[in-house]
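*Asks:* give me a 3D structure for the following:
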Amino acid sequence: MDPNRQLELFSDAPAALPPAVPAPAPPPAIEPAVVATLPPPSLPRNARWREVATPGQTIGFVLQRSRRKSIGLTVNDDGLQVTAPNWVTLGQIDAAVVEKANWILTKLRALRARQRHLATADTLWQQGGSIPYLGRRIVLELNGAGKTTAFSGSPFKPRDGDTLSLALPPGADRHRIRDSVHAWLQQQAAEWFEQRLRHFLDANGLAIRRWRLSSAATRWGSCSSDGNIMLNWRLIHFDHDVIDYVIAHELAHLREMNHSKDFWREVGRILPGFERSRDALRQHNPGSLPLI
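*Replies:* Here you go, the predicted model:
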């Protein structure tokens, strides 16, 4: 199912008939856990981050103005996205979020649970745990004496067994370890993707408007008709050929905004022999990494 879910409004259901026999008292309600709603790694052009207090918790969301006629609420891999006409006030937008808070939080909890389950399925966030980085397995080391994260190997040509030393004490919580590793991986992704993008743009006489990292759970990349490209930072788990394929795929959309034969011909022109990397990538879902 597509994780991008547009809010749907349903008419009220008819009231249920009272039971013939009194029902047993329900168990005490369990207070639902607070859902972290954090800004994505970067915001789309002309978008802003906004937060509103609701009865359950504060909900953060990406707000973008558009020419649509009504307020739209969508839960996707970056959280809640709200699109609203220019004439709608911030107060009206906040009121819409408050009104649909239960729906929003239900969708966000389901999304976060899936992401947590998949993303940690095969990684030990502890001393000696290993993660895939540019097609190799590197080992985590907790170094409380260190001041910054340090990598023992060549930054973009790792070997199996290279060490990623984190400035964390040996008993650090796994969430701190995971967050530190993710921060380093995203930094590496930003640098490497930038280099490869520039290589292919220069080699093919192409230009883009801008690019940014994404954390989508179902898409490796995207390209808009106005030349904005997004690349999933989790691609940094794969080897160089796979990353080059995704970049070539998105750049091909600058000339062919479809997946026609002409599009695939363009991909092949930018990156001959891309088929092997495409087939390898099809076996993986962004939200399930690191699993390789």
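*Asks:* any stretches of the stretch 151-292 of the chain with poor pLDDT?
*Replies:* 287-288, 290-292 (pLDDT under 70).
*Asks:* scan this protein for its longest helix.
*Replies:* Assignment by DSSP state H gives helix 174-204 as the longest helix of the chain.
*Asks:* and that one, which residues are buried?
*Replies:* Buried residues in helix 174-204, counted by 16 or more other Cβ atoms under 10 Å: 177-178, 180-182, 184-186, 188-190, 192-193, 196-197, 200-201, 204. Every C-beta, even on glycine, is put in place using the N, C-alpha and C of the backbone.
*Asks:* kindly report the same for stretch 220-228.
*Replies:* Within stretch 220-228, judged by 16+ other Cβ under 10 Å, the buried ones are 220-221, 223-224.
*Asks:* next: stretch 75-82.
*Replies:* 75-82.
*Asks:* that one: end-to-end distance?
*Replies:* 9 Å (Cα to Cα, to the nearest Å).
*Asks:* one more: stretch 53-70?
*Replies:* Stretch 53-70 end-to-end distance (Cα to Cα) = 22 Å.
*Asks:* need the residues that contact it.
*Replies:* If you take Cβ atoms under 8 Å, 6 or more residues apart in numbering as the criterion, stretch 53-70 is touched by 32, 34-35, 37-40, 43-44, 46-52, 78-86, 93, 97-98, 101-102, 104-105.
*Asks:* which of the residues you listed fall within strands?
*Replies:* Among these, the ones falling in strands (DSSP state E) are 47-52, 79-85.
*Asks:* which other helices and strands contact the next helix-or-strand element following the longest helix of the chain?
*Replies:* As assigned by DSSP states H and E, the chain's next helix or strand after helix 174-204 is strand 210-214. On a contact count with 3 or more Cβ pairs under 8 Å, 6 or more residues apart in numbering; DSSP states H and E, strand 210-214 meets helix 174-204, strand 228-232.
*Asks:* distance to residue 266 for those - can I get that in a markdown table?
*Replies:* Listed next are the helices and strands packed on strand 210-214 as a markdown table, based on distance: least, Cβ to Cβ, whole Å:
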| stretch | distance to residue 266 |
| --- | --- |
| helix 174-204 | 9 |
| strand 228-232 | 15 |
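*Asks:* so for residue 212, which of these sits nearest?
*Replies:* Taking Cβ to Cβ, strand 228-232 is the member of the helices and strands packed on strand 210-214 nearest to residue 212, at 5.8 Å.
*Asks:* list the helices and strands the closest one packs on?
*Replies:* Strand 228-232 packs on helix 174-204, strand 210-214, strand 221-223, helix 240-252, going by 3+ Cβ pairs under 8 Å, 6+ apart.
*Asks:* how about those in TSV, adding distance to residue 289?
*Replies:* Converted to TSV, these look like this (distance: least, Cβ to Cβ, whole Å):
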stretch	distance to residue 289
helix 174-204	10
strand 210-214	13
strand 221-223	14
helix 240-252	12
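*Asks:* picking that back up, in the buried residues of stretch 75-82, find the pair that's most separated.
*Replies:* Of all pairs in the buried residues of stretch 75-82, the most separated under Cβ to Cβ is 77 and 82 at 15.5 Å.
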